[in-house]
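Asker: Starting from these lines, generate the structure:
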Amino acid sequence: MALLKTSFATKRQRVTPAARQRGLTLIEVLITVFILSIGVLGIATLHITSKTSQYESVQRARAVSMGDSMLERIRNNPAGIAGYNIQMNPIGDGDGDGAGTIAEAPDPNCISVSCTPQQIAAQDLWEFEQELLGEAVTFNDEATAGLTNVNSCIRFTAFGTAARTGQLEIFIQWRGLHEAADGVPSDGDACGGADAGADPYRRQVVVSSFVVDATEL
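Answerer: Sure thing, here's the model as predicted:
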């Protein structure tokens, strides 16, 4: 009987540690997989956040570049300032239907023929809207370089008694990817869309300059 007890005890001592070790190894593997999963998820989230920030930055840089380009066109054609001064009536695609508010290209085309200041203004506005919508760059007949749900307004404030010399402001507003503070403060000017301070997806840039018509000096 003593011999049997000794053999049983020896057998139990040999089996139990091995079985326990196998269980610990499985738990360690599961913990490792869990930690790796958290790490991969964190990397993916960081990548998505980086892409989102990059997209927002590109959209803002495009808006500034487009605004500066239009501003220079107007400064080169001060005699046609009345044709640009749309006083916060938006052009662009703020409704998201993919179509601009200027239905057709102006006639004549001032790139190839001589035009009056007002005709040049109409040409500049049409080309500006094409830039806003991204029609200058397409892929599979789809515009790829425009701003999302974009609106733009132009405001000219004459200086004193001058008619074509004064402060020029170009507003460009578009839709961002995520909610944030409205790009238009509550006391600001909304270029179409919701009231000022009411659209957390709206982004805005404003470029301004002083336009001078030398003939008025």
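Asker: so G188, which of the three states?
Answerer: For G188, the assignment made with DSSP: H, G, I helix; E, B strand; the rest coil gives coil.
Asker: Look up phi and psi at it.
Answerer: phi -100, psi -170 (degrees, to the nearest 10).
Asker: Next: the one 4 residues further on.
Answerer: Note on G192: its backbone torsions stand at phi 80, psi 170 [degrees, to the nearest 10].
Asker: and whichever helix or strand L46 is part of, what's its mean pLDDT?
Answerer: Following DSSP states H and E, one finds L46 within helix 2-75. For helix 2-75, the mean per-residue pLDDT is 74.
Asker: how about the nearest residue to the most centrally placed residue in the chain, chain neighbours excluded?
Answerer: Centroid-nearest residue in the chain: Q59, 3.6 Å away (criterion: CA atoms, centre = their mean). Distance criterion CB to CB, 6 or more residues apart in numbering; nearest residue to Q59, sequence neighbours excluded, is L147 at 5.9 Å. Where C-beta positions appear, they are placed from N, C-alpha and C, glycine not excepted.
Asker: Now do the contacts for that neighbour.
Answerer: Q59, R62, A63, M66, G92, L132, G134, I172, W174 (CB atoms under 8 Å, 6 or more residues apart in numbering).
Asker: Kindly provide the distance from the third one to L132.
Answerer: Read that as A63. 9 Å (CB to CB, to the nearest Å).
Asker: what's the overlap in contacts for the two?
Answerer: L147, I172.
Asker: My guess is Q118 contacts G83. True?
Answerer: Yes - with contact defined as CB atoms under 8 Å, Q118 and G83 form a contacting pair (4.7 Å).
Asker: Which one of those two is surrounded by more residues?
Answerer: Neighbour totals were compared for Q118 and G83, and G83 leads with 20 against 15 (other CB atoms under 10 Å).
Asker: what's the spacing between the residue nearest to the centre of the chain and R202?
Answerer: Counting by CB to CB - Q59 and R202 are separated by 12 Å.
Asker: Mutual contacts of these two, please.
Answerer: The contact lists of Q59 and R202 share W174, G176, where a contact means CB under 8 Å, 6+ apart.
Asker: I figured P108 hits I120, correct?
Answerer: No - here P108 does not reach I120: they are 10.4 Å apart, not a contact under CB under 8 Å.
Asker: Between those two, point out the one with more neighbours.
Answerer: I120 (21 against 13).
Asker: Might you report the residue contacts of the more buried one?
Answerer: By CB under 8 Å, 6+ apart, the contact list for I120 reads N77, G80, G83, C110.
Asker: what helix or strand is it on?
Answerer: helix 117-133.
Asker: Pull out the buried positions in that helix.
Answerer: 119-133 (16 or more other CB atoms under 10 Å).
Asker: now stretch 158-165
Answerer: Here stretch 158-165 shows R164, T165 as buried, counting by 16+ other CB under 10 Å.
Asker: Can you give me the neighbour number for A82?
Answerer: 12.
Asker: mind checking which helix or strand it is in?
Answerer: helix 81-84.
Asker: Quick check: which helices or strands does the very next helix or strand once past that helix pack against?
Answerer: Counting by DSSP H and E, the next helix or strand C-terminal to helix 81-84 is strand 91-92. Secondary-structure packing of strand 91-92 (3 or more CB pairs under 8 Å, 6 or more residues apart in numbering; DSSP states H and E): helix 117-133, strand 151-158.
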